[in-house]
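Engineer: I'd like to go over a predicted model; first the sequence, then the structure.
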Amino acid sequence: MNVYLILASILFLLGLPPLFSLLFEGGDFGARRVARVGVMLALALVLGYMESFLPELFLPGMRLGLANVAILMILYVYGFKEGLFVAVLKAVLVSMLRGNFLAMGGWMAFAGTLLSFLGMALLHFLFKRASIFAVSIFGALLHVSAQVAVSYLYLGQGVWGYLPYLALFSFASGAAVALLCSLLLRHKALLSYLKA
Amino acid sequence: MPARDSSKKNKRARIIEAILLGTTFLSLLGVSLFFAFAPKETATYADVVLKGTMIHRLSLKEEQELMVQTDIGDVEISVKDGGIAVLTSPCPNKSCIHMGYKHKVGETIICAPASLSIHLLGGEMTEVVV
């Protein structure tokens, strides 16, 4: 247990509570919005937790990342703040459920989720015409790279050999998530529920 | 004409997306290759594997000698100066001993007759219950 890990854990834990206030910024936050975002967070948690029990495809880290469906939905329907909220809390809570919190697996998942969310938000808002497929695949690539980078800190140089295969798979998993999202974003009843 | 304009813009958007994803992927490949060909790091620990099962995880920082019991006899392993080597072995050709001390991540010492292999690894050594 080295100094950097302890420091990172402390800073991380200190940073979590302010994140909650993010959602309540500005006077008129609307209980409905909070409730809807909460529902999507719960969805992300269920998807993430359940998916983590499925065996990985060929290599560690080859997962579909279904929880990103919820994250992308929130990003598209609401915006950056709400998306960040769901993304960070999903990573933290799923790792707590899995027993990974503040362990290598938890840090990998957190780094992956955070970097992929920031990248997706950046792409979506800077490049308005980006298709959801591009955004999702970009997010998947970032997710996988951050995970490999964190595992490098724990496991050493050998882990980088996984990256090409994981990156290739990201195209497939990103496309799958995007497909689901595109279908959901056309579902009128769901959209009106979320936006209400 | 609105329809023609937007389809042109869409086409351009697709191309930009393809370029973005392509360059991201290529840069990831580049990073992987960079680390693959970078000089190997000095190993920090070694796993001793007997017949496919790990029986010891040794830190290379502590000088130590240990005996491993194998089907063909006892194999003596030595950890010294951040490296690991096989000192004595009952195998016929002694190639494992001739390898000498290994220090780098990814290196392996193998004694096939004894079904014994030693894998050098790096990064943080996590203690395991064997």
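Structural biologist: Ah, there it is.

Engineer: Now do the same contact list for the most centrally placed residue in chain A.
Structural biologist: Among the residues of chain A, the one closest to the centroid is A:Thr113, at 3.5 Å (Cα atoms, centre = their mean). Residues counted as contacts of A:Thr113 (Cβ atoms under 8 Å, 6 or more residues apart in numbering or on different chains) are A:71, A:87-88, A:90-91, A:143. Every residue, glycine included, has its C-beta placed from N, CA and C.

Engineer: does it sit in a helix, a strand or a coil?
Structural biologist: Counting by DSSP: H, G, I helix; E, B strand; the rest coil, the backbone at A:Thr113 sits in helix.

Engineer: ok, it to chain B distance?
Structural biologist: Distance check for A:Thr113 against chain B: by Cβ to the nearest Cβ, to the nearest Å, it reads 18 Å.

Engineer: doesn't A:Leu180 fall inside a helix?
Structural biologist: Yes - assignment of A:Leu180 by three-state DSSP places it within a helix.

Engineer: That one reaches A:Ala70, doesn't it?
Structural biologist: No - with contact defined as Cβ atoms under 8 Å, A:Leu180 does not count as touching A:Ala70 (10.0 Å).

Engineer: between those two, which one's more packed in?
Structural biologist: A count of neighbours by other Cβ atoms under 10 Å in any protein chain shown puts A:Ala70 above the other of A:Leu180 and A:Ala70, at 26 against 18.

Engineer: Point out where the chain drops to low pLDDT.
Structural biologist: Just so you know, I chose chain A. Chain A contains residues with pLDDT under 70 at A:1, A:26-29.

Engineer: The chain in question should be chain B.
Structural biologist: Across chain B (using pLDDT under 70), the flagged ranges come out as B:1-4, B:124, B:127-130.

Engineer: okay, now the domains of it?
Structural biologist: Listed domain ranges for chain B are B:1-38, B:45-121 (source: automatic domain parsing).

Engineer: which residues does the residue of chain A found nearest chain B contact?
Structural biologist: Here chain A gets closest to chain B at one residue, A:Gly156, 3.3 Å apart by Cβ to the nearest Cβ. Shown in contact with A:Gly156 (Cβ under 8 Å, 6+ apart): B:41, B:44, B:105, B:121-123.

Engineer: Quick one: buried ones out of the residues you listed?
Structural biologist: Buried subset of the contacts of A:Gly156 (neighbour count, 16 or more other Cβ atoms under 10 Å in any protein chain shown): B:41, B:44, B:105, B:121-123.
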